[in-house]
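K.L.:
Sequence and predicted model, in that order:
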Amino acid sequence: MRVATAAYPLDFLDNWQAYTEKLTQWVKSAEDGGADLCLFPEYGAMELATLQGVEIAGDLEASLHAVSERLADVDDLHADLAAKHGLYVVAASAPCFDTLQRPTNRARLFGPKGDRGFQDKQIMTRFEREEWRVTGSPGMKIFDTALGKIAILICYDAEFPLLGRAVTEADVILVPSCTEALSGYSRVRIGAQARALENQCVTVMSSTIGSADWSPAVDMNTGRGGVFGPPDTGFPPTGVIAEGEMDVPGWTFADIDLAKIAHVRADGVVLNRAHWDEQAPGPAPITPIKLR
């Protein structure tokens, strides 16, 4: 498969037409680059709050509701674009008031033949839980697609190895992210690379970038697109398959060969994925040694 992963700027939108034109242009450019799948970042949907004006966009609680109320139309638009351009589209994650009193952070996957799926974020950052009161919705999914088996770890989730291990059957793990500073970007990137190492798979990271001073939640954004594999047989020695320029908007493209993933899992120099269960099934026993 050929993937396109976004470094995506958040814009203040004048109207719904401005959003549809922006999204259409992005998906078309992914298709023009030969992509079979394109990945938008975490919380890229927050720009939809601007459709209700600067006051709503600048209010933490009101912005959650403003975006969630648009999701039905947003999802229909993504589904139409996936079908029209013949590729899988992972929409920018968004707060979703579903059956819970507080919203989840939800990424949605749209297939070219009308298939739809979603993955909710599992573990909230401090800002999400303490200030925004976004909540987790437990349960990981693996999407069995025509491109291969795909899972999604939303941003902070990629920093937790047991969540990655839960989707070890996935060939590709998508990591949509939204990080304010270089330190946050680096944490998620290191997590994405660690999951590629452990699972001997490919991880694909997207980012929000730039300033959105109309929002107290996503006002500053640092990142770039990146595609990572295990630094082993058939992959670059650094594990970096492709990487965009920091804070420069656009797609980063990469080709992913599922045969190489199968080969490194079966006959790599190391076999992290197969050897995972040799770890102690809990905290390893510690023997205190006093040295003088």
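P.N.:
Nice, thanks for sending it over. Numbers count the residues shown, from 1 in each chain.
K.L.:
Could you say which helix or strand holds Trp26?
P.N.:
For Trp26, the host element (DSSP states H and E) is helix 16-32.
K.L.:
immediately after that helix, which helix or strand?
P.N.:
strand 37-39.
K.L.:
Could you list every helix and strand in contact with the helix holding Trp26?
P.N.:
Packed against helix 16-32 by the contact rule (3 or more Cβ pairs under 8 Å, 6 or more residues apart in numbering; DSSP states H and E) you find strand 2-9, strand 37-39, helix 71-85, strand 250-255. Yep, even glycine has a C-beta here, placed from its N, CA and C like the rest.
K.L.:
Let me have these in JSON lines, extended by mean neighbour count and mean pLDDT.
P.N.:
Listed next are the helices and strands packed on helix 16-32 as JSON lines, based on neighbours: other Cβ atoms under 10 Å; pLDDT from 0 to 100:
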{"stretch": "strand 2-9", "mean neighbour count": "26", "mean pLDDT": "98"}
{"stretch": "strand 37-39", "mean neighbour count": "28", "mean pLDDT": "98"}
{"stretch": "helix 71-85", "mean neighbour count": "17", "mean pLDDT": "98"}
{"stretch": "strand 250-255", "mean neighbour count": "19", "mean pLDDT": "98"}
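K.L.:
Among these, which comes closest to Asp232?
P.N.:
Proximity to Asp232 (Cβ to Cβ) singles out strand 250-255 among the helices and strands packed on helix 16-32, at 16.9 Å.
K.L.:
Could I get the CA-only coordinates of that closest one as CSV?
P.N.:
C-alpha atoms of strand 250-255 as CSV (Å, rounded to 0.1, in the frame of the first residue of the first chain):
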residue,chain,number,x,y,z
GLY,A,250,1.4,18.7,3.3
TRP,A,251,1.4,15.0,2.8
THR,A,252,4.3,12.7,3.5
PHE,A,253,4.1,9.6,1.2
ALA,A,254,5.5,6.1,1.8
ASP,A,255,5.2,2.7,0.2
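K.L.:
Can you list the strands that it pairs with?
P.N.:
strand 2-9 (antiparallel) (DSSP bridges).
K.L.:
How about residues contacting the strand it pairs with?
P.N.:
For strand 2-9, the external contacting residues (Cβ atoms under 8 Å, 6 or more residues apart in numbering) are 26, 30, 33-41, 44, 92, 172, 204-210, 221, 223-227, 244-245, 247-256.
K.L.:
Try it again at 6 Å.
P.N.:
Outside strand 2-9, the residues within contact range by Cβ atoms under 6 Å, 6 or more residues apart in numbering are 30, 33-41, 44, 204, 206-210, 224-225, 244, 249, 251-255.
K.L.:
hmm, back to that, now the helices and strands packed on helix 16-32 as JSON lines including distance to Ala181?
P.N.:
Formatted as JSON lines, these follow (distance: least, Cβ to Cβ, whole Å):
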{"stretch": "strand 2-9", "distance to Ala181": "15"}
{"stretch": "strand 37-39", "distance to Ala181": "22"}
{"stretch": "helix 71-85", "distance to Ala181": "28"}
{"stretch": "strand 250-255", "distance to Ala181": "20"}
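K.L.:
picking up where we left off before, I'd like the mean pLDDT over the helix holding Trp26, please.
P.N.:
The average pLDDT for helix 16-32 rounds to 98.
K.L.:
same check, this time on stretch 41-57
P.N.:
Per-residue pLDDT values across stretch 41-57 average out to 98.
K.L.:
Repeat that for stretch 224-235.
P.N.:
98.
K.L.:
rewinding a little: so which of the helices and strands packed on helix 16-32 gets nearest Leu271?
P.N.:
Closest among the helices and strands packed on helix 16-32, using Cβ to Cβ: strand 250-255, at 24.0 Å.
K.L.:
Show me where the stretch 51-200 of the chain dips below the pLDDT cut-off.
P.N.:
Of all residues in the stretch 51-200 of the chain, none has pLDDT under 70.
K.L.:
residue ranges of the helices in it, please?
P.N.:
54-57, 60-68, 71-85, 126, 161-166, 182-199 (DSSP state H, counting those that start in this stretch).
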